[in-house]
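*Asks:* Next input, structure requested:
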Amino acid sequence: MVLAAPVAALCAVLVSGQAGAQARLDARYTASLAGLPIGEGGWTIVIGETEYSATATGTTTGLMKAFTGGHGQTVTQGTLQAGKPAVASYVASIQSYKKGNEIRLKVDAGTVKELKLNPPAETEPERVPVTDASKSGVLDPMTATLVRMPASGELMSAEACQRKLPVFDGRLRYDLNLAFKRMGEVKAAKGYAGPVVVCSVYFTPVAGYIPTRAAIKYLQEQRNIEIWLAPIGGTRVLVPIRIEGPTPVGRAVLEADEFVVTALPPTERASARPKDKSTKAAQTETKTTP
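*Replies:* Numbers count the residues shown, from 1 in each chain. Okay, the predicted model is just below:
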């Protein structure tokens, strides 16, 4: 689907502020297209005193499952430096009936030091190349979802949307420009109920893309993509609880049915981090991939 880039990362957004309390978020999401369910997944984030981790899993459902049989996992880990998430590693893997896609990134101070792709990156003459410069000063799609607000000031405010996110997912380098749209309210079936900050999201490709490709052109033209940010209680971190936007066949929505936050006692903080139980790559929600 054409929302692949932003939702994989769109399941992409921010950094700023100081480290807050330590907590764990366990969320369950469903994805729909034109009102029909197409996928579901889980997302676990652990915010520690000096480090963070996030694991997302997803699988296609309904008619989409019949066509693709897709499933995937994504895992990212990093440290909190001056209150800002700094990614150290990002691993993503998506499998379908016909093919697989695995990505491994090692990052230091925002610069990609190691990149492994399977299959290898495509090198068509018309594709804008990914250069060393375009792999510097970047966020992986998962780290980009951590919206850290300053230690002072309002937690839920327009400031959450005032930023530009340089995202690199291993194949595509793009910017997500956020702009404040409105304040809103949500109530998950389980867990969070309360205010959200709604941001508009504008997609700008930078490298790794073919300019004439229809999906890229479509995304660049969109002005109705929204991301709804909710707090991880007890911290200064906001994360997406809902993402929605148009596609040529109807509106796509990714929304949390469960959004449950648990404070971590000191004895549990070190051990609570989600672990990649396999050496295989992890991956972003298949439900949002083309």
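
*Asks:* Which SSE is immediately downstream of the worst-scoring helix or strand of the chain on mean pLDDT?
*Replies:* For the chain, counting by mean pLDDT, DSSP states H and E, helix 4-5 ranks last in confidence among helices and strands (a mean of 42). Using DSSP states H and E, the helix or strand that follows helix 4-5 in sequence is strand 23-33.

*Asks:* Which parts of this structure are helices?
*Replies:* Secondary structure of the chain (DSSP state H): helices at 4-5, 62-68, 214-221, 266-269.

*Asks:* ranking these by mean pLDDT, which is last?
*Replies:* Among the helices of the chain, helix 4-5 carries the lowest mean pLDDT, at a mean of 42.

*Asks:* Distance check, the residue lying farthest from the centre of the chain against Thr212.
*Replies:* Distance from the centre of the chain peaks at Pro125, with 29.4 Å (CA atoms, centre = their mean). Computed as CB to CB, to the nearest Å, the Pro125 to Thr212 distance reads 12 Å. C-beta here means a position set from N, CA and C on the backbone, and glycine is covered the same way.

*Asks:* what's the answer for Pro141, then?
*Replies:* Counting by CB to CB - Pro141 and Thr212 are separated by 24 Å.

*Asks:* what's the answer for Gly245, then?
*Replies:* For Gly245 relative to Thr212 (CB to CB), the value is 22 Å.

*Asks:* Between the two, tell me which one has more neighbours.
*Replies:* The neighbour comparison of Gly245 against Thr212 (other CB atoms under 10 Å) goes to Gly245, with 24 against 8.

*Asks:* Once you drop chain neighbours, what's closest to that one?
*Replies:* Leaving aside its sequence neighbours, Gly245 sits nearest to Ile225 (CB to CB, 6 or more residues apart in numbering; 3.6 Å).

*Asks:* quick one: the one you found and Tyr218 touch, right?
*Replies:* No - the criterion here is CB atoms under 8 Å, and Ile225 misses it with Tyr218 at 11.1 Å.

*Asks:* Compare neighbour counts for the two and give me the winner.
*Replies:* The residue with more neighbours, out of Ile225 and Tyr218, is Ile225; 21 against 15, by other CB under 10 Å.

*Asks:* what's the span of stretch 156-170 from first residue to last?
*Replies:* Using CA to CA, to the nearest Å, one end of stretch 156-170 lies 32 Å from the other.

*Asks:* And the residue nearest to Leu155 when sequence neighbours are not counted, what's its pLDDT?
*Replies:* In space, and not counting its chain neighbours, Leu155 is closest to Met149: 5.5 Å by CB to CB, 6+ apart. pLDDT recorded at Met149 is 90.

*Asks:* Identify the bridge partners of Tyr52.
*Replies:* Ile47, Gly78 (DSSP bridges).

*Asks:* which residues touch it?
*Replies:* Counting by CB atoms under 8 Å, 6 or more residues apart in numbering, Tyr52 touches Ile45, Val46, Gln77, Gly78, Thr79, Leu80, Pro85, Leu146.

*Asks:* from the residues you listed, which is closest to Asp257?
*Replies:* Set against Asp257, the nearest of these by CB to CB is Ile45 (16.5 Å).

*Asks:* for the residue farthest from the centre of the chain, phi and psi?
*Replies:* Here is the backbone geometry of Pro125 (degrees, to the nearest 10): phi -60, psi -30.

*Asks:* I'd like to know how many residues surround the nearest residue to Gly250 once chain neighbours are set aside.
*Replies:* Distances taken as CB to CB, 6+ apart place Ala34 nearest to Gly250, at 2.5 Å, with adjacent residues excluded. By other CB under 10 Å, the residues close to Ala34 number 11.

*Asks:* Ala34 contacts Pro246, correct?
*Replies:* No - the pair Ala34 / Pro246 is not scored as a contact, 10.3 Å apart, by CB under 8 Å.

*Asks:* Report the contact partners of the closest residue to Leu172 other than its chain neighbours.
*Replies:* For Leu172, ignoring the flanking residues on the chain, the nearest one in space by CB to CB, 6+ apart is Gly208 at 4.4 Å. Contacts here follow CB under 8 Å, 6+ apart; on that basis Gly208 touches Ala121, Arg127, Val128, Pro129, Val130, Ser134, Arg171, Leu172, Arg173.
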